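Asks: Predicted model, plus sequence, below.
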Amino acid sequence: MASRGRHVEGTDGSDAAFRQRVSDRYKDITAKKKLLQKLYYVTSLFWACAAAIAFVSYQDTGVPFFHPAAFLGALLPVVGHYGTKRQNALYLACFSFGCALFTGYILYMGIGRTMTVVQANGFKPYYGVVLAIGVLGSAAHIMCMITARSLIELMDNSKAAKKGR
């Protein structure tokens, strides 16, 4: 009697109870990696927009919104991408920590100081744009931080499960 659906050549499908299945944690690892790949693009877009705003504001006022060293945060997606591809928990932990640091910096300097400078210098058209980009950047970095930490935990659990066999 043939079983419904696809089955492996040479079997009639009656051995389904004895087949190995992929553990849910491996599916979760794949889902987290795909989410991080999308978030890398969002954070890269944020840093490009931040650089454009910093350039335009510096041309107009001579006062930079960001310290030039802040643009080291643009390297975060590179570190995270390397850690994701290699499944390297150390790089992912550095990426997560860096995202936490730059989230604080974006909230303090990117949103707080920028709003003060914008209001003081009268850049009303930039106000909404700068605020929206700062909120987007903060949210993206927070999501990166949380996703990277959960990916590290899943990777550690999968390594412990392999050793326990």
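Replies: Yep, that arrived. Everything numeric in this text was worked out from a predicted model, so none of it was measured.
Asks: Okay, residue 91 and residue 51: tell me how far apart.
Replies: To residue 51, residue 91 is 24 Å away according to Cβ to Cβ, to the nearest Å. Every C-beta, even on glycine, is put in place using the N, C-alpha and C of the backbone.
Asks: Compute the number of surrounding residues for residue 144.
Replies: Neighbourhood size, residue 144 [other Cβ atoms under 10 Å]: 26.
Asks: which SSE is it in?
Replies: Per DSSP states H and E: residue 144 is located in helix 124-163.
Asks: Report the rounded mean pLDDT for that helix.
Replies: The average pLDDT within helix 124-163 is 82.
Asks: which helices and strands does that helix pack with?
Replies: helix 24-61, helix 76-86, helix 89-105, helix 114-121 (3 or more Cβ pairs under 8 Å, 6 or more residues apart in numbering; DSSP states H and E).
Asks: Check which residues of the first one are buried.
Replies: The reference is to helix 24-61. Within helix 24-61, the residues scored as buried using 16 or more other Cβ atoms under 10 Å are 28-29, 32, 36, 39-40, 42-44, 46-47, 49-50, 53-54, 57.
Asks: Over to the third one?
Replies: Of the residues in helix 89-105, those with enough neighbours to count as buried (16+ other Cβ under 10 Å) are 89, 91, 92, 94, 95, 96, 98, 99, 100, 102, 103, 105.
Asks: Could you tell me the angle between it and helix 24-61?
Replies: Orientation check (axes from the mean of the first three to the mean of the last three Cα atoms, to 10 degrees): helix 89-105 against helix 24-61 gives 40 degrees.
Asks: How about residues contacting helix 89-105?
Replies: 70, 73, 76, 79-80, 82-84, 138, 141-142, 144-145, 148-149, 151-152, 155-156 (Cβ atoms under 8 Å, 6 or more residues apart in numbering).
Asks: Can you get me the centre-to-centre distance for that helix and its chain?
Replies: 10 Å (Cα atoms, centre = their mean, to the nearest Å).
Asks: what mean pLDDT would you report for that helix?
Replies: The pLDDT scores in helix 89-105 average 90.
Asks: re earlier: pull out the buried residues from the contacts of helix 89-105.
Replies: 70, 73, 76, 79-80, 83-84, 138, 141, 144-145, 148-149, 151-152, 155.
Asks: Show me which of those residues is closest to residue 111.
Replies: Using Cβ to Cβ, residue 138 is the member of those that lies nearest residue 111, at 7.2 Å.
Asks: quick revisit: what's the most distant pair in the buried ones among the contacts of helix 89-105?
Replies: Farthest pair in the buried ones among the contacts of helix 89-105, by Cβ to Cβ: 70 and 155, 29.8 Å.
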